[in-house]
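A.B. asks: Turn this into a structure:
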Amino acid sequence: MINERRFAISFLKADQLKAFVSLPNELSSKVIRAYVSSDLLLDEADALRICDDIAGKMPWMEWILALPEILRSKEESYFQEVDALIAKNAMFEGVLTGSMEGLGYYAEKNVKVYGDHNLYLWNSHAVKAVNGVLAGGCLPLELKGAEQKDLLELPITWDKIVYGRIPMMVTANCVAKTTDRCRRGNQREQQVVLLDRMDKSFPVRLVCRHCYNVIYNCLPLSLHKELEKYQDKACLRLQFTVEDRVQAERVLAFFLKADPSDLEPPYAEYTTGHEKRGVQ
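C.D. replies: Numbering: from 1, shown residues only. I've put the predicted structure just below:
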């Protein structure tokens with residue numbers, strides 16, 4: 001049981017890690033767990049150095065590698081790369097996975113395994129099925145708040161995403177290839193934007209290393225007015241995706257304050273997702 005607000009943060013970019021480094025101690029002390037993209041750490045040595053620096057200054061934090069949303073059978077060697085990363089860096093205690101492939105591979109390994117929101121722990125039966133395998137899970141984004149009450153009573157450590165871009169689609173139909181050309185030669189993640197007929201911008205992550213795209217909502221999810229509801233039963237997660245360093249700094253400062261529900265968020269518009277209306 002959590003007696004006060006404790007946070008987990010998910011990082012996809014080195015700039016987001018740099019934003020965290022700049023936090024004052026009274027704010028960073030509220031963060032108990034960091035999920036860092038395994039692709040980021042494998043591709044950018046600078047990101048690994050930043051993590052190591054943070055870990056030295058904040059020894060209470062738990063460090064977890066966040067696996068890609070999709071891993072195909074032909075990428076078996078990727079698991080070996082992640083295994084080597086964990087073996088060489090003792091700070092990483094386990095993995096975060098939203099796929100059955102990741103869960104299946106690491107179920108027999110001597111590491112912690114956390115389930116992401118897209119592992120779909122919808123009900124007590126789903127949680128029971130992974131009992132003893134997962135160190136913790138994440139409440140599904142599709143469930144409204146009232147539907148999550150029973151899950152919060154189950155004997156499992158939960159994350160609740162209170163900030164981040166909701167993924168609208170994970171697809172192998174590449175936006176870049178359809179509109180221009182394949183960019184597979186560039187292993188690092190890239191970002192493009194889709195515009196709808198209302199001129200709304202939808203960020204798209206091009207995960208070329210694993211050949212898929214993630215299309216995000218045009219507005220960030222922000223549950224800053226709902227924190228009190230979950231703080232005693234879940235770790236509150238800030239899920240960074242497309243944010244640059246300045247944006248990440250503003251979001252961190254906003255959510256880690258004593259009571260952000262009384263303040264204006266650092267973004268003009270936001271959505272509360274399915275928190276009150278669920279999936280129709």
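A.B. asks: Where does pLDDT dip in this structure?
C.D. replies: Within the chain, the stretches with pLDDT under 70 are 1-3, 185-187, 278-280.
A.B. asks: and if we set it to 90?
C.D. replies: Within the chain, the stretches with pLDDT under 90 are 1-4, 22-27, 72-76, 107-108, 110, 131-132, 176-191, 198, 257-264, 276-280.
A.B. asks: Where do the strands of it begin and end?
C.D. replies: 7-11, 31-37, 62-66, 92-97, 112-115, 137-138, 158-171, 190-195, 201-207, 212-222, 235-239 (DSSP state E).
A.B. asks: Adjacent strands (with direction) for the longest one?
C.D. replies: According to DSSP bridges, strand 158-171 has the following sheet partners: strand 137-138 (parallel), strand 212-222 (antiparallel), strand 235-239 (parallel).
A.B. asks: Please give the number of neighbouring residues around residue 87.
C.D. replies: Other residues within reach of residue 87, judged by other CB atoms under 10 Å, total 9. Where C-beta positions appear, they are placed from N, C-alpha and C, glycine not excepted.
A.B. asks: any idea how far residue 98 is from it?
C.D. replies: According to CB to CB, to the nearest Å, residue 87 and residue 98 sit 23 Å apart.
A.B. asks: mind checking which of the strands paired with strand 158-171 is nearest residue 53?
C.D. replies: strand 235-239 (19.8 Å; CB to CB).
A.B. asks: quick one on the thing from earlier: CSV please, covering the strands of the chain and showing distance to residue 131 and mean neighbour count.
C.D. replies: Formatted as CSV, those follow (distance: least, CB to CB, whole Å; neighbours: other CB atoms under 10 Å):
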stretch, distance to residue 131, mean neighbour count
strand 7-11, 21, 25
strand 31-37, 21, 23
strand 62-66, 20, 22
strand 92-97, 16, 23
strand 112-115, 12, 23
strand 137-138, 11, 26
strand 158-171, 14, 20
strand 190-195, 38, 13
strand 201-207, 31, 19
strand 212-222, 28, 20
strand 235-239, 19, 23
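A.B. asks: Can you check which of those gets nearest to residue 73?
C.D. replies: When the strands of the chain are compared (using CB to CB), the closest one is strand 212-222, at 14.5 Å.
A.B. asks: Show me where this structure has its helices.
C.D. replies: Using DSSP state H, the helices of the chain run over 14-21, 25-28, 38-43, 45-57, 76-88, 100-106, 124-129, 145-152, 175-179, 227-230, 245-255.
A.B. asks: how distant is the fourth one from the center of its chain?
C.D. replies: Okay, so that is helix 45-57. 18 Å (CA atoms, centre = their mean, to the nearest Å).
A.B. asks: repeat for the second one
C.D. replies: Averaging C-alpha positions (CA atoms, centre = their mean) puts helix 25-28 21 Å from its chain's average.
A.B. asks: Please point out which parts of it sit buried.
C.D. replies: Within helix 25-28, the residues that count as buried by 16 or more other CB atoms under 10 Å are residue 28.
A.B. asks: Ok, the last one next?
C.D. replies: Neighbour-count burial for helix 245-255, counted by 16+ other CB under 10 Å, picks out 245, 247-249, 251-255.
A.B. asks: Among the helices of the chain, single out whichever gets nearest to residue 204.
C.D. replies: helix 175-179 (5.2 Å).
A.B. asks: from the chain's centre, how far out does the closest one sit?
C.D. replies: 25 Å.
A.B. asks: got the CA positions of that helix in CSV?
C.D. replies: Extracted in CSV, the C-alpha atoms of helix 175-179 (Å, rounded to 0.1, in the frame of the first residue of the first chain):
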residue,chain,number,x,y,z
VAL,A,175,3.4,6.1,-42.7
ALA,A,176,6.8,7.1,-44.1
LYS,A,177,6.9,4.3,-46.6
THR,A,178,3.3,5.0,-47.8
THR,A,179,3.8,8.7,-48.2
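A.B. asks: ok, and what's touching it?
C.D. replies: The contact list for helix 175-179, computed with CB atoms under 8 Å, 6 or more residues apart in numbering, reads 182-183, 190, 192, 194, 204, 206, 213, 215.
A.B. asks: Include distance to residue 21 when you put the strands paired with strand 158-171 into a markdown table, please.
C.D. replies: Output for those, formatted as a markdown table (distance: least, CB to CB, whole Å):
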| stretch | distance to residue 21 |
| --- | --- |
| strand 137-138 | 25 |
| strand 212-222 | 22 |
| strand 235-239 | 15 |
